[in-house]
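Colleague: sequence below, structure please.
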Amino acid sequence: MLFAALLVCTGVFGLIAVRQWWNGQWLESARWVVRWFSPHTLVGVRTASVMVIGLGLMLVWPPAFLLAFGAAIAWIWVMYASAQTGAAGRLPRALQPAVQPAATPARPRPGSVQRSAPRAEQSHRQDQQRRAG
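Modeller: The predicted model follows:
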């Protein structure tokens, strides 16, 4: 029973922390999570907290496994979506500059010629011309 209460309190604390981060408070702890883990971890704290609450309730009330299982699936989905689309848009506004955007490839200037790698038949033709000439 004590372990269940500890899990529920930990989950509630996670939800409170997320709310504080979005209100612009407790930002040093959020920066620490971003620096030591990843911005995706910070995005997943809300669903992970619900999952921990569900685990605690499950120890006292067995049908709560539905909440824990559903939250675990949601947590996996949130982490996957964050990794695919980037975490910067899902972070609190005060933390968005702290995340370095992924390096984008250099785009050619308008009107410039972009050369592609030679095709196999072009390189074959060039080899024949070298041999002949």
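Colleague: ok, the nearest residue to A48 once chain neighbours are set aside - how many residues close by?
Modeller: With C-beta to C-beta, 6 or more residues apart in numbering as the measure, W75 is the residue that lies nearest to A48, at 5.4 Å, once sequence neighbours are left out. C-beta: built from backbone N, CA, C; applies to glycine. Other residues within reach of W75 by the criterion other C-beta atoms under 10 Å amount to 19.
Colleague: low-scoring stretches of this structure, by residue?
Modeller: Applying pLDDT under 70 to the chain flags residues 97-128, 130, 133.
Colleague: at 50 what do you get?
Modeller: The model of the chain has pLDDT under 50 over residues 99.
Colleague: spatially speaking, which residue is in the middle of it?
Modeller: Centre of the chain computed as the mean C-alpha position; nearest residue by C-alpha atoms, centre = their mean is H40, 2.9 Å away.
Colleague: circling back to that earlier point, quick one: the residue nearest to A48 and I16, what's the gap?
Modeller: 18 Å (C-beta to C-beta, to the nearest Å).
Colleague: same deal with T41?
Modeller: As it turns out, when the distance is counted by C-beta to C-beta, T41 lies 17 Å from I16.
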